[in-house]
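> Dropping the sequence and predicted coords here.
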Amino acid sequence: MNLGDKWGDLPARLGSAAVMLVVGAGAIWLGGFWFHVLVAIIGGGMIWELSRLMGKGSTLAAIPMGLLAGGVLVATEWLPSEITLPALFAVALVGATQIKKDRLVYGFYAAGLMLACYGLIVLRDIRGAYWVVWLVSVVVATDVAGYFAGRLLGGPKFWPKVSPKKTWSGTIAGWFAAGFVGVIFGGTPLIILSVLASFASQMGDAGESAIKRRAGIKDSSNLIPGHGGLLDRFDAMMAAALFVLLLGAALGLPAV
């Protein structure tokens, strides 16, 4: 493999990342309705992509599913607490009942995406921008460290049957990078949590890769130059957000 093959996607990745950084930073800073809308757009887009991937040959309509998911996520700002979770799960149930195969896979994955998006909203509304910036930093540091370490160091593959490009060197580099983020944001209490969230993000990436391989495609869509689709870009973020949501609900999050 020559240098052009190895780094050919870097300019597009950097350009798209810059745009996403500006938009994301603005929404995180503003919070409230604007952050909810951004998360709803991303969530709706991911459900649209998932429905396209898994709904081939079925009655599942991808665009209505995406609109439904986005609408429900926006509506969580006004829904009573006892209705919020059933509404999130209903999106997954509606989609799962319309596809011909892998209904459980679709249902669980779609439910996980909806919960993860809601987790980001809750994290911003309750814990504030600081915690969202921490989570984004963990996922980005994991991805960037894994990208460069994997290409520079190479070595044994982490999970070749699921994600053939991921290496152990990149995976471990991601853990170290996430731990460093934990040191910056909160010291010792956040180091372990950052590494665990990093691992969750890597598993999210692997899970999305498995779905794409089963569908026989490379990217979930071509919405983001250099990154593919929204699922390709935010699969890791969703898994990390879901992990933090569940951990926070079960045990609480450390004070920083």
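Great, that's in hand.

> And the average pLDDT for the helix or strand hosting residue 53 is what?
Residue 53 is part of helix 32-54, with elements assigned from DSSP states H and E. Helix 32-54 shows a mean pLDDT of 95.

> Following element in sequence after it, please.
Counting by DSSP H and E, the element after helix 32-54 in chain order, helix or strand, is helix 62-75.

> Mind giving me the packing neighbours of that following helix?
helix 32-54, helix 81-96, helix 103-122 (3 or more Cβ pairs under 8 Å, 6 or more residues apart in numbering; DSSP states H and E). No exception for glycine: its C-beta is placed from N, CA and C like everyone else's.

> contacting residues for the spatially closest residue to residue 43 that is not a sequence neighbour?
Residue nearest to residue 43 in three dimensions, not counting chain neighbours: residue 117, with 3.8 Å by Cβ to Cβ, 6 or more residues apart in numbering. Residue 117 sits next to 39, 40, 42, 43, 73, 238, 241 when contact means Cβ atoms under 8 Å, 6 or more residues apart in numbering.

> how about the residues you listed in JSON lines, adding distance to residue 205?
What follows is the contacts of residue 117, written out as JSON lines (distance: Cβ to Cβ, whole Å):
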{"residue": "39", "distance to residue 205": "19"}
{"residue": "40", "distance to residue 205": "22"}
{"residue": "42", "distance to residue 205": "16"}
{"residue": "43", "distance to residue 205": "17"}
{"residue": "73", "distance to residue 205": "22"}
{"residue": "238", "distance to residue 205": "10"}
{"residue": "241", "distance to residue 205": "13"}
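
> Switch those over to JSON lines; also include neighbour count and distance to residue 172.
Formatted as JSON lines, the contacts of residue 117 follow (neighbours: other Cβ atoms under 10 Å; distance: Cβ to Cβ, whole Å):
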{"residue": "39", "neighbour count": "24", "distance to residue 172": "30"}
{"residue": "40", "neighbour count": "21", "distance to residue 172": "35"}
{"residue": "42", "neighbour count": "25", "distance to residue 172": "29"}
{"residue": "43", "neighbour count": "28", "distance to residue 172": "31"}
{"residue": "73", "neighbour count": "27", "distance to residue 172": "34"}
{"residue": "238", "neighbour count": "30", "distance to residue 172": "22"}
{"residue": "241", "neighbour count": "31", "distance to residue 172": "23"}
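
> buried stuff in the longest strand seen in the chain?
Using DSSP state E to define each element, the chain has its longest strand at strand 163-167. Buried residues in strand 163-167, counted by 16 or more other Cβ atoms under 10 Å: 163, 166, 167.

> Kindly format the C-alpha coordinates of it as CSV.
Taking C-alpha atoms only, strand 163-167 is exported to CSV below (Å, rounded to 0.1, in the frame of the first residue of the first chain):
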residue,chain,number,x,y,z
SER,A,163,-13.9,-4.7,11.2
PRO,A,164,-10.9,-5.7,9.1
LYS,A,165,-9.2,-2.3,9.2
LYS,A,166,-9.0,-2.1,13.0
THR,A,167,-5.7,-3.1,14.7
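
> just checking, next helix/strand downstream of that strand?
helix 168-186.

> So which elements touch whatever helix or strand comes next after that following helix?
Helices and strands here follow DSSP H and E; after helix 168-186, the next one along the chain is helix 188-215. In terms of contacts (3+ Cβ pairs under 8 Å, 6+ apart), helix 188-215 is packed against helix 32-54, helix 103-122, helix 129-153, strand 163-167, helix 168-186, helix 230-250.

> Which one of these lies nearest to residue 201?
helix 230-250 (3.7 Å; Cβ to Cβ).

> How far does that closest one sit from its chain's centre?
6 Å (Cα atoms, centre = their mean, to the nearest Å).
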